[in-house]
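> no FASTA, just this:
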């Protein structure tokens, strides 16, 4: 268990001067921290007390007869509202933590005339994946993972994707971007039968935070089974002299980009019993993955989230950041924010955008983020940033 | 003898050979190769207390069933399974969920198996489950008393009146008994089949009810007529009391369970309803005795036989029970009632034959009709 291994490290910052803050905040922090520490709790008797206090204040007057049910479980389990157990990332073949900043930039070469060519290979295959502890889903995947690889290119690059279908059904890759009809990845243009292959080729426009997904029919089934991924086109600073600084900060490999903590978050969900309603919600597939093991953030460095919504069956999904605000670039196709100083943004399916924020002036600790549809929160889409000094 | 044993072994050896052949050739491999396992989960008991919600579940299906996650009201919730691990076919386990349930409100639970299949269970109205205490026992004893013993005893008070009736009046009363028993037969079967629907599929609940009813009927007929003649007088009254008693056991079970689940409250209306509804049962039990002069102790004994099982039913119902066992009991009850329907009917026919009249007379037809009608009409007061 990861919690055990990191217990000592957390112990260093966990017992902050709780007594100097207002009582209510102490309780809430205590509850969150106490739970997070889980098995390392024994090392922190002080926190355990705070946790007990939190449990006591949580039910003033206990309006229902089952008051005892509240106090159980400690706090890591978020008051009991959490999945039970752990997902075996090794068996899945991917770890949601690794997916956050795993950019596939392709094999780079130079075309006659000096243009850059990026070549990718994507393989569709059937694979059973664990989407919540102990719950297995017969997924269809790109490159054996859900979401598929995050393809990252630069504006104006020539992009060539060799797509091989090792799955049991016809599949395609439909890119959200500018391309010709022949490259659209729909039935009649780039649909690949099992065992076949196709090469999609286009110029990377416009810059932004995009996505790709299978466009075979039935569409709902092909999407919710797992055939989707993020497609990021970094802006070319030379094409945007008026916002060159902003463009450079977005350009992977540029020195201005290196200080950013970039995270890819694909909001998805799984209908495990195929009744056209989702049983499990998550960011990057595994329910509560970032609640059990928060995403570490260096508070000195700014944060950029590439947020993509592929949730099937529900009309919208959303992202809410606790205790902070962010600037939002809808579709990522502008270099100035389309929304400024918001803490919640909603997206319909296939809508996406870039969030930029900073914890520079915050005290270290755990900062929650989640969909602000409580239903999704309670079914797995709840996460934490662990802001470190 | 040895020859007979050899002949008996022949089909058994052939059976083993066929099983061996199936296992080695596996001729069905092509049909079942990709089929996901069939999974069924039956919730047999629900307990709500200060620790949260506990469910007793029984698994059935083609492979052991692993409960991976539990959702309460659309939220993943921490839970513990006792004993842990995948549930083999027909195995049971307690699922304990520390959930702060809300009294008087509805809760929906979903259990998700390893394969992503979901099993839903609704708690219609959340109320704390009764605990096995003296006060609780007293309360449910009172419920059983009101449902069974009191009305049956009151009905027996019609005995002196029945003794003064003419021959036609007597026949009318016996036919009334047949009518009320027919109602109880249908009611018991319906109740049994409903409970059977909540049992794990392996128990084949509906078949269980019908078969047990049929076998009970045969057994009681054989016992009743073991002397070569059909039961009359006290013997017939005792069989009626037994049949009514088994019905009241089922009724007590249903009422006890309804009270425990917070679906009913024993108001004055319901008390009056049960007294009126089950009063007729008392009349029916003493009807065959009108031409005898039984000892006085016979009456409380018959009332106890017919009425007290309701108390046992109410206890069992309050603590909850396995639906397949309840279905079994009600099947027995239906069989016992059918036996007395037949015996009272044949008694009426014999009496008619003795006087040379037809068993089908104005008094028997109107009596049967009245019995069914009174039971159906008074049931309006107690069905919920």
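Sure, I can see it. These numbers were taken from a predicted model, which means no experiment stands behind them.
> C-alpha from now on. contacts and neighbour counts both.
Noted.
> what does chain B put close to chain A?
B:49-52, B:67-71, B:74-79, B:98-103, B:112-118, B:128 (C-alpha under 8 Å from any C-alpha of the partner chain).
> State the three-state secondary structure for residue B:76.
Here residue B:76 is strand, with the state taken from DSSP: H, G, I helix; E, B strand; the rest coil.
> how about the helices in chain B?
Applying DSSP state H to chain B gives helices spanning B:2-25, B:29-32, B:134-144, B:150-156, B:159-163, B:167-197, B:205-224, B:233-260, B:268-286, B:298-307, B:309-319, B:323-354, B:362-379.
> Which one of the ones you listed has the poorest average confidence?
With a mean of 64, helix B:29-32 has the lowest mean pLDDT of those.
> picking up where we left off before, buried members of the residues of chain B next to chain A into PyMOL, please.
A single PyMOL command selects the buried members of the residues of chain B next to chain A (16 or more other C-alpha atoms under 10 Å in any protein chain shown):
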select buried, chain B and resi 49+50+51+52+67+68+69+70+71+74+75+76+77+78+79+98+99+100+101+102+103+112+113+114+115+116+117+118+128
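> So the chain: which segments form each domain?
By default, I'm working from chain A. Split into domains by automatic domain parsing, chain A comes to A:2-80, A:89-253, A:270-388.
> right idea, wrong chain: chain B
Split by automatic domain parsing, chain B gives B:39-123, B:134-379.
> Is it possible to get CSV of these that adds distance to residue A:312?
Shown next, in CSV, are these (distance: least, C-alpha to C-alpha, whole Å):
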stretch, distance to residue A:312
domain B:39-123, 17
domain B:134-379, 34
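> residues contacting residue A:259?
A:301-302 (C-alpha atoms under 8 Å, 6 or more residues apart in numbering or on different chains).
> Next one: residue B:328 from chain A, what distance?
Computed as C-alpha to the nearest C-alpha, to the nearest Å, the residue B:328 to chain A distance reads 33 Å.
> Quick check: that residue touching residue B:208?
Yes - with contact defined as C-alpha atoms under 8 Å, residue B:328 counts as touching residue B:208 (6.5 Å).
> Let me have the helices of chain B in TSV, extended by distance to residue A:197.
Formatted as TSV, those follow (distance: least, C-alpha to C-alpha, whole Å):
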stretch	distance to residue A:197
helix B:2-25	38
helix B:29-32	29
helix B:134-144	72
helix B:150-156	81
helix B:159-163	92
helix B:167-197	52
helix B:205-224	54
helix B:233-260	63
helix B:268-286	74
helix B:298-307	78
helix B:309-319	64
helix B:323-354	56
helix B:362-379	71
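> Minimum distance to residue A:110: which of those has it?
For the helices of chain B, the distance to residue A:110 is smallest for helix B:29-32, at 51.9 Å, taking C-alpha to C-alpha.
> quick one on the thing from earlier: export the domains of chain A to JSON lines and tack on mean neighbour count?
Converted to JSON lines, the domains of chain A look like this (neighbours: other C-alpha atoms under 10 Å in any protein chain shown):
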{"stretch": "domain A:2-80", "mean neighbour count": "17"}
{"stretch": "domain A:89-253", "mean neighbour count": "20"}
{"stretch": "domain A:270-388", "mean neighbour count": "20"}
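> I'd like to know which of the ones you listed lies nearest to residue B:313.
domain A:2-80 (27.4 Å).
> what mean pLDDT does that closest one have?
Rounded mean pLDDT across domain A:2-80 is 38.
> The host helix or strand of residue A:267 pairs with which strands?
Using DSSP states H and E, the element containing residue A:267 is strand A:261-270. Using DSSP bridges, strand A:261-270 pairs in its sheet with strand A:280-283 (antiparallel), strand A:303-309 (parallel).
> can stretch A:357-370 be found next to chain B?
No - applying C-alpha under 8 Å from any C-alpha, one finds stretch A:357-370 separated from chain B by no less than 14.2 Å.
> Which one, of the strands paired with strand A:261-270, ends up nearest to residue B:219?
strand A:280-283 (54.6 Å).
> those helices in chain A, which residues are they?
Secondary structure of chain A (DSSP H): helices located at A:2-13, A:23-37, A:45-58, A:68-71, A:89-92, A:96-99, A:219-224, A:244-250, A:255-258, A:289-292, A:374-378.
> could the helices of chain B go into JSON lines alongside mean neighbour count?
Shown next, in JSON lines, are these (neighbours: other C-alpha under 10 Å):
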{"stretch": "helix B:2-25", "mean neighbour count": "10"}
{"stretch": "helix B:29-32", "mean neighbour count": "8"}
{"stretch": "helix B:134-144", "mean neighbour count": "17"}
{"stretch": "helix B:150-156", "mean neighbour count": "24"}
{"stretch": "helix B:159-163", "mean neighbour count": "15"}
{"stretch": "helix B:167-197", "mean neighbour count": "23"}
{"stretch": "helix B:205-224", "mean neighbour count": "19"}
{"stretch": "helix B:233-260", "mean neighbour count": "26"}
{"stretch": "helix B:268-286", "mean neighbour count": "23"}
{"stretch": "helix B:298-307", "mean neighbour count": "22"}
{"stretch": "helix B:309-319", "mean neighbour count": "26"}
{"stretch": "helix B:323-354", "mean neighbour count": "23"}
{"stretch": "helix B:362-379", "mean neighbour count": "19"}
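> Tell me how many other residues surround the nearest residue to residue B:162 once chain neighbours are set aside.
Spatial nearest neighbour of residue B:162, chain neighbours left out: residue B:290 (6.4 Å); criterion: C-alpha to C-alpha, 6 or more residues apart in numbering or on different chains. Residue B:290: 18 surrounding residues under other C-alpha atoms under 10 Å in any protein chain shown.
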